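Novice: pasting the sequence and the predicted coordinates here, then a few questions.
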Amino acid sequence: QVQVAESGGASVQAGGSRWLVCAASGVTNCRHDMSWYRQVPGKEREFVSSIDDDGTMRYADSVAGRFTVSLQHGKTMMTLTMNNLNPEDTAMYYCKVDTHGGTCEKATYWGQGTQVTVSP
């Protein structure tokens, strides 16, 4: 059973930094891609960043150059390092895990989210 959990959300001042962590259990023997999305009330969830099983990293234009994604612990933990935060980064941040091989079926799993609030 794959489970996904985010942590690290907090209130920060504009210009500051923050680290978000996504821990995925049950994926040790799976090929899987991990992504960050964010959502504000009244808007659709939007893509932030991802790192594929082969290490390919992608970023939304709005965060490129400020955010960095990385994997640790045998690809079971993903960290999003956010620098130079601005109020437009305020959102609930969600982790998504897509399994697509190995001993796991093709499926998508979401965490419950962690709130980041950036004040001017």
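Specialist: On my side now, so go ahead. Numbers count the residues shown, from 1 in each chain.

Novice: from now on I want contacts and neighbour counts done on CA atoms only, so please keep to that.
Specialist: Will do.

Novice: pick out the residue closest to the middle of the chain.
Specialist: The chain has Trp36 as the residue nearest its centroid, 2.7 Å off, counting by Cα atoms, centre = their mean.

Novice: that one - nearest residue in space that isn't next to it in sequence?
Specialist: The shortest distance from Trp36 to any non-neighbouring residue, by Cα to Cα, 6 or more residues apart in numbering, is to Cys95 (4.8 Å).

Novice: same thing with Cys104?
Specialist: According to Cα to Cα, 6+ apart, the nearest residue to Cys104 is Cys30 (5.4 Å).

Novice: what bridges to the one you found?
Specialist: Gly102 (DSSP bridges).

Novice: need the contact list for the residue nearest to the centre of the chain.
Specialist: 47-50, 80, 93-96 (Cα atoms under 8 Å, 6 or more residues apart in numbering).

Novice: repeat that for 7 Å
Specialist: By Cα atoms under 7 Å, 6 or more residues apart in numbering, the contact set of Trp36 is 47-50, 93-96.

Novice: same deal with Asp98?
Specialist: Going by Cα under 7 Å, 6+ apart, the list of residues near Asp98 reads 32-34, 107-109.

Novice: among those, which are in strands?
Specialist: Residues of the contacts of Asp98 located in strands (DSSP state E): 32-34, 107-109.

Novice: can you name the two of the residues you listed that sit furthest apart?
Specialist: Spanning the widest gap among those are Met34 and Ala107, at 12.0 Å by Cα to Cα.

Novice: higher neighbour count, the two?
Specialist: Met34 (27 against 12; other Cα atoms under 10 Å).

Novice: so that one sits against Asp54, correct?
Specialist: No - between Met34 and Asp54 there is no contact under Cα atoms under 7 Å: 11.0 Å.
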